[in-house]
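# One predicted model, sequence on top.
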Amino acid sequence: MSAPSSPALPAPAHESIEEFIFHLGLVRGLSPRTVAAYRGDLEALYRQLARRGISGPAQVTTPALRDYLIRLHEAGRQPASVARARSAIRTYFAFLLDEGVLGSDPAAELPAPSGWQRIPRALAPEEAAQLIEATAGEGPLDLRDRALLELAYGTGARVSELLGLTLGAIQWDEALLRLTGKGRRVRLVPLGRPALAALLAYSERARPQLAGRRKQAGTAPEVFLNARGGPLSRMGFWKILRKRAAAAGLGDRRVHPHLLRHSYATHLLHGGASLRVVQELLGHVRLATTQVYTSVDAAYLQSMHRRYHPRG
């Protein structure tokens, strides 16, 4: 019984690979073994990119290529194999640039293996706003969900910090939250006006209703309660986020609780906050932990350089 054949590549990808393979074999005179290896690397690349809706070289971006190589690395591929894939990709896109097929080379800045690092993904500011607006409503669960998401995005708090938050940790007059993070370290984080308003509406109008549904004696001290009046769980948070992300049209973005923390840090840096300030707000002990956010959006940094620097 013959092995199942691989799915056909999209036409733009297939045609560009064939032109490149012809160039390698007949113009550059590479060995058939090397040519076959390069073909396999490029076909594997496009099969992966096709899952992201990318059908040809004109749609390929540097982040997509970097993510592909990181996935190979994390899947356990040998360093030599990943390095060869990177070489094939760089040579292929350089060829397309030289031939005038592309106006820019998305593989030119691919880091060497020692520099690979998975960069946290972030929502765009308008996507974060869409997510929060998807909680519109005056019911107790709507008010709770809005307060929860406003705080998650507006403070960068970890899930455990939000779910462990108590009423006594809210400093209403100063608009501050006292968060207890890893190693029981305590920090104060400012509440913006939308987060403060959402938290106040939930605390005054919704939380008492939810607390009244609790069958056990006493009121749970946690700020965020489930529909039965008990403390909200991590799974409960996940379900709320999935529901609201789907309502906001973000279901295909793999929205997860930590994504809101990444977005908080990224948007602060984009707005001009210093790395030290973001480190303090996130509760990172080491600055190196926060520095990953400085590479989140290289395109943004490049656009700012072009816009503001006299030699940009």
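Nice, thanks for sending it over. Numbers count the residues shown, from 1 in each chain.
# Now L232: phi and psi?
phi -70, psi 140 (degrees, to the nearest 10).
# That one contacts R207, doesn't it?
No - with contact defined as CB atoms under 8 Å, L232 does not count as touching R207 (11.1 Å). C-beta: built from backbone N, CA, C; applies to glycine.
# ok, those two, which is more surrounded?
Using other CB atoms under 10 Å as the criterion, L232 and R207 rank with R207 on top: 24 against 21.
# quick one: low-confidence parts of the protein?
For the chain, the stretches with pLDDT under 70 are 1-7, 112-120, 252-253, 288-312.
# how about a cut-off of 50?
In the predicted model, the chain carries pLDDT under 50 at residues 1-5, 115, 296-300, 312.
# would you list every one of the helices in it?
Using DSSP state H, the helices found in the chain span residues 11-22, 32-50, 62-74, 79-98, 125-133, 140-155, 159-163, 193-201, 207-211, 234-247, 257-270, 275-282, 287-291, 298-308.
# Buried deepest among the ones you listed, which one?
Ranked by mean neighbour count, those are led by helix 140-155 with a mean of 24 (mean count of other CB atoms under 10 Å).
# isn't P106 right next to V60, touching?
Yes - counting by CB under 8 Å, P106 touches V60, with 5.1 Å between them.
# Overlap in contacts, these two.
Common contacts of P106 and V60, defined by CB atoms under 8 Å, 6 or more residues apart in numbering, comprise F93.
# returning to what we had before: how about the helices of the chain in a markdown table, adding distance to R228?
Output for these, formatted as a markdown table (distance: least, CB to CB, whole Å):
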| stretch | distance to R228 |
| --- | --- |
| helix 11-22 | 52 |
| helix 32-50 | 44 |
| helix 62-74 | 40 |
| helix 79-98 | 49 |
| helix 125-133 | 25 |
| helix 140-155 | 11 |
| helix 159-163 | 15 |
| helix 193-201 | 21 |
| helix 207-211 | 8 |
| helix 234-247 | 10 |
| helix 257-270 | 21 |
| helix 275-282 | 32 |
| helix 287-291 | 37 |
| helix 298-308 | 44 |
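# among those helices, which is nearest G183?
Closest approach to G183 among these (CB to CB): helix 159-163, 12.2 Å.
# Would you mind writing the CA trace of the closest one as PDB?
Taking Å, rounded to 0.1, in the frame of the first residue of the first chain, the C-alpha atoms of helix 159-163 are listed here in PDB:
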ATOM      1  CA  VAL A 159      -4.900  35.400  36.600                       C
ATOM      2  CA  SER A 160      -4.000  34.200  40.100                       C
ATOM      3  CA  GLU A 161      -3.700  37.900  41.200                       C
ATOM      4  CA  LEU A 162      -7.100  38.800  39.900                       C
ATOM      5  CA  LEU A 163      -8.900  35.700  41.200                       C
END
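# dump the residue contacts of R207.
140, 144, 223, 225.
# D98: which of these is nearest?
When the contacts of R207 are compared for distance to D98 (CB to CB), R144 wins out at 57.7 Å.
# so what's the closest one up against?
202, 206-207, 210, 224-225.
# In CSV, list those along with distance to E99.
What follows is the contacts of R144, written out as CSV (distance: CB to CB, whole Å):
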residue, distance to E99
Y202, 59
A206, 62
R207, 64
L210, 64
F224, 57
L225, 62
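# quick check, nearest of the residues you listed to R52?
In terms of CB to CB, no member of the contacts of R144 lies closer to R52 than F224, at 34.6 Å.
# That closest one is in contact with G164, isn't it?
No - counting by CB under 8 Å, G164 is not a contact partner of F224; they are 9.5 Å apart.
# more neighbours, those two?
More crowded of F224 and G164, by other CB under 10 Å: F224, with 23 against 18.
# Spatially central residue in this structure, please.
R121 (1.7 Å; CA atoms, centre = their mean).
# wait, that residue sits on H262?
Yes - at 6.5 Å, R121 counts as touching H262 under the criterion of CB under 8 Å.
# Show me this protein divided up by domain.
Split into domains by automatic domain parsing, the chain comes to 11-115, 125-307.
# next one: stretch 66-86 to chain centre, how far?
On the basis of CA atoms, centre = their mean, to the nearest Å, stretch 66-86 sits 20 Å off its chain's mean C-alpha point.
# What of stretch 144-151?
20 Å.
# and L188, how many residues sit next to it?
Neighbourhood size, L188 [other CB under 10 Å]: 13.
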